[in-house]
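*Asks:* Kindly generate the corresponding structure for this input.
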Amino acid sequence: MRKNIAKLLSLIIILTFLSATIVLSQSIRQTSLKAPILQDQQNQQNQQNQQNQQNQQNQQNQQNQQNQQTPQEQQTPQNQQNQQTKKDEEDEKVDPIKIGGEVVLLNVLVTDLKNRYVQGITKDEFELYEDGKKQEISFFSKQNEPISICIMIDASTSMIENGKLIEAIKAAKALIANGNPKDEVCLMKFDDRTTLIQDFTSDIKLLNEQTQRIKPFGGTAMYDALARGMTHTNKNSKQLRQALVLISDGLDQHSRKTFADIVPIAQLTGIPCYIIGIYTAEEKRAFATGQQKIRLDTGQMVDNPELVLRNLAEETAGRAFFPSTERELVPIAEQVASELRNGYAVGYYPPDSSLDGKYHTISVISKTKKYTVRARRGYISKLPE
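*Replies:* Have a look, this model is predicted:
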């Protein structure tokens, strides 16, 4: 009996031990399963904290960058306008002639008594005078030499009427197509401002493609455009012979510059200006009065464009055209192209005393008196102070 009781107690002890072992094992197992989960949760929390810190740092950096922006980066519309005006003024600066280091170049056109272009002339046919004193011709180039041409098209909104802008673009293409293959052309448009559409290139296909960028906008600032065109050509063209061709239908009401500002630039750069003015019959009647100023319907007084543009063309040995209709633009462009191909370049070294900035007259004549010679009237060595 005692033995049975002892065995029973031993069995109870063993079962109790086994039960405790199983419970402990399950507890350990649960703890081991929870540990990775807790670790993952902790890692996720750490990553989130790091991301939040990074975001805060980025925001702080952006704020610092904004606070440290230069005045140029924080431009107001007015600052941008002022900066553009300053850039335009810089573009319009012209270097003075360096007497003794550069020749004064003249674009010369020669016609006979029947007003036909004369070909095959040598420099011996010419005599050249500055301020009435004969000068030695130091440079001479024959006809059809490559030339640099700046084409300027008025793209103000009034050019939409009657397809004037379309015809002006056609005229530009005709001028390009009828030149020397080695000519270089730059293309500008102007309205309230002047925009360089394409810088000097001999790529005819590219130039024709770029004309499609000319879109109508705003008013007419023709004097500003002329200043920009002449100075840009003077600084950036590669050919010795140069010309500017401008097509416009407008009265200048928006330029910062006046005609009086334009004349010295023309006299310094010496670039022949070919002007094509497209005006209505009524406007032409007003211009024909010969008055220097014309009163608009608004009461504003503006320059008589026919007078000032003819003066500019004559001063620079260019031409001024005032067609009756926009349909005449292409034939006129072809005529200008022909004239440019038939011109000569004549150059001489002026006296040292000509560095005074004053205006000096130039006269080029035919020795044999058989021909009419057209060249610019004079020059200045630097712009007035």
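
*Asks:* can you pull out the helices in the stretch 151-300 of the chain?
*Replies:* For the stretch 151-300 of the chain, the helices defined by DSSP state H, counting those that start in this stretch cover 164-177, 204-210, 222-236, 259-269, 281-287.

*Asks:* Work out the gap between stretch 282-301 and the centre of the chain.
*Replies:* Mean C-alpha position of stretch 282-301 versus that of the full chain (CA atoms, centre = their mean, to the nearest Å) differs by 31 Å.

*Asks:* Take the helices of the stretch 151-300 of the chain and write them to TSV, including mean neighbour count.
*Replies:* Yep, even glycine has a C-beta here, placed from its N, CA and C like the rest. Listed next are these as TSV, based on neighbours: other CB atoms under 10 Å:
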stretch	mean neighbour count
helix 164-177	21
helix 204-210	15
helix 222-236	23
helix 259-269	19
helix 281-287	13
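
*Asks:* Out of these, which is closest to V330?
*Replies:* Among the helices of the stretch 151-300 of the chain, the nearest to V330 by CB to CB is helix 164-177 (4.9 Å).

*Asks:* Can you list the low-confidence ranges for the chain?
*Replies:* 1-101, 385 (pLDDT under 70).

*Asks:* make it 50
*Replies:* 18, 20-41, 65-74, 77, 98-100 (pLDDT under 50).

*Asks:* what's across from the spatially most central residue of it in the sheet?
*Replies:* Centroid-nearest residue in the chain, with CA atoms, centre = their mean: L196, separated by 2.2 Å. Per DSSP bridges, the residues bridged to L196 are M188.

*Asks:* What of G378?
*Replies:* T361.

*Asks:* Can you give me every residue that contacts it?
*Replies:* G378 sits next to Q267, Y359, H360, T361, I362 when contact means CB atoms under 8 Å, 6 or more residues apart in numbering.

*Asks:* among these, who's most crowded?
*Replies:* I362 (21 neighbours; other CB atoms under 10 Å).

*Asks:* Is that residue in contact with G132, as I believe?
*Replies:* No: between I362 and G132 there is no contact under CB atoms under 8 Å: 10.4 Å.

*Asks:* will you turn the helices of the stretch 151-300 of the chain into CSV that also has distance to K142?
*Replies:* Listed next are those as CSV, based on distance: least, CB to CB, whole Å:
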stretch, distance to K142
helix 164-177, 21
helix 204-210, 23
helix 222-236, 22
helix 259-269, 23
helix 281-287, 38
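
*Asks:* The ones you listed: which one's closest to P216?
*Replies:* Comparing the helices of the stretch 151-300 of the chain by CB to CB, helix 164-177 comes nearest, at 5.9 Å.

*Asks:* so how far is the closest one from its chain's centroid?
*Replies:* 19 Å.

*Asks:* So which elements touch it?
*Replies:* Helix 164-177 sits against strand 147-154, strand 184-190, helix 204-210, strand 241-248, helix 329-341, with contacts defined as 3 or more CB pairs under 8 Å, 6 or more residues apart in numbering; DSSP states H and E.

*Asks:* T111 is nearest to which of these?
*Replies:* Once these are compared by CB to CB, helix 329-341 is nearest, at 9.7 Å.
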